[in-house]
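In: what shape does this take:
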Amino acid sequence: MGTTQLETVPEPKYWHLKTVLSEALDSDFSVGEILPNERELAARFGVARATLRQALEQLELEGRLQRRRGVGTTVAPPRMGVDVSTSQHSWPGAADDAWVPVGSALAAPPAAVSRMLGTPLGDELHVVRRTRMTHGQPVAAELLYVPAASVPELPAVETPSGQVRARTVLRELQRLGLEGQDRAVELGSARADDAKELDRLPGAPVLVVTTRYFAEGRTAAVSVATYRADTCRLTFGDSGDLEISHHDAPAAHAS
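Out: Model (predicted):
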């Protein structure tokens, strides 16, 4: 990246700097490469560090940069497409599923999930935790809530928790005939547990996608997936049947 002095321009200086930096990211850096420190960058472009920070923050919001704790500011990979249409017709854990099971446990779901499933408040059900990675980095975490009625033949003698149990729950769930699904997207802020799992700071923007799976005339399972907003983009397929809302603390998200 060569030395570039910014001339007086009618637009905000940080915005012009953001454009210059964006072009440099395309030509001079590769995905995952660490940027020089703020002092060096500010000197190269002849701007105050406050102006530089504004430009870097904007590039982070646009998904061009990632600030990683203990590493620094790196060039972000291309955003991963998140299909939020309902054109897909498969259970979680299908052969083409990109999610990786992490574990499973019996636990009471949040009240909002109980209402969607039609189960009594406080009743325990199977909670499968899964994660999704790209370029070696976590981009999403999911909690899949499965009532016992949806997996009636689940062996009780197997390991009660862990990755093996998670795969068993997913396998048994696929015995049901999937009748349909719907999705809702919430724009929110990362809670402490989300931030830790997704390598983000608390309060970072996230997309929360809630999916209901229908079988035998009822809601058979509910998925609450939290995506890093800086690494993901929504795709709508051909259906376009999507509900979008905004909440600082998504009601259906488990702690």
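In: the residue nearest to residue 199 when sequence neighbours are not counted: how many residues sit nearby?
Out: Nearest residue to residue 199 in three dimensions, chain neighbours excluded: residue 138, at 5.9 Å (Cβ to Cβ, 6 or more residues apart in numbering). The C-beta positions use only the backbone N, C-alpha and C, and glycine is treated the same way. Per other Cβ atoms under 10 Å, the neighbour tally for residue 138 reads 15.
In: and what of residue 127?
Out: 22.
In: which ones are touching the residue nearest to it when sequence neighbours are not counted?
Out: Nearest-residue entry for residue 127: residue 107, 4.8 Å, with adjacent residues in sequence omitted and distances by Cβ to Cβ, 6+ apart. Counting by Cβ atoms under 8 Å, 6 or more residues apart in numbering, residue 107 makes contact with 124-125, 127.
In: want to try TSV for those residues, with pLDDT as columns?
Out: Conversion of the contacts of residue 107 to TSV gives the following (pLDDT from 0 to 100):
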residue	pLDDT
124	94
125	95
127	96
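In: hmm, residue 181 is touching residue 210, no?
Out: No. Using Cβ atoms under 8 Å, residue 181 is not in contact with residue 210, being 10.7 Å away.
In: all strands of this protein, in order?
Out: With DSSP state E as the criterion, the chain has strands at 65-68, 72-75, 80-83, 100-107, 125-134, 137-146, 180-189, 205-215, 218-228, 232-235, 243-246.
In: with distance to residue 195 as added columns, please give those strands in CSV.
Out: Converted to CSV, those look like this (distance: least, Cβ to Cβ, whole Å):
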stretch, distance to residue 195
strand 65-68, 12
strand 72-75, 18
strand 80-83, 19
strand 100-107, 17
strand 125-134, 14
strand 137-146, 10
strand 180-189, 9
strand 205-215, 9
strand 218-228, 10
strand 232-235, 16
strand 243-246, 19
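In: out of those, deepest packed?
Out: strand 218-228 (a mean of 24; mean count of other Cβ atoms under 10 Å).
In: what mean pLDDT does that strand get?
Out: What strand 218-228 shows for mean pLDDT is 94.
In: same question for stretch 197-207.
Out: 83.
In: list of residues touching that stretch?
Out: So stretch 197-207 is in contact with 61, 67-69, 82, 131, 137-141, 185-192, 194-195, 226-230, 232, 234, going by Cβ under 8 Å, 6+ apart.
In: who's in contact with the residue nearest to the spatial centre of the chain?
Out: For the chain, residue 227 is the residue whose C-alpha lies nearest the centre (Cα atoms, centre = their mean; 0.9 Å). Contacts here follow Cβ under 8 Å, 6+ apart; on that basis residue 227 touches 82, 139-140, 206-209.
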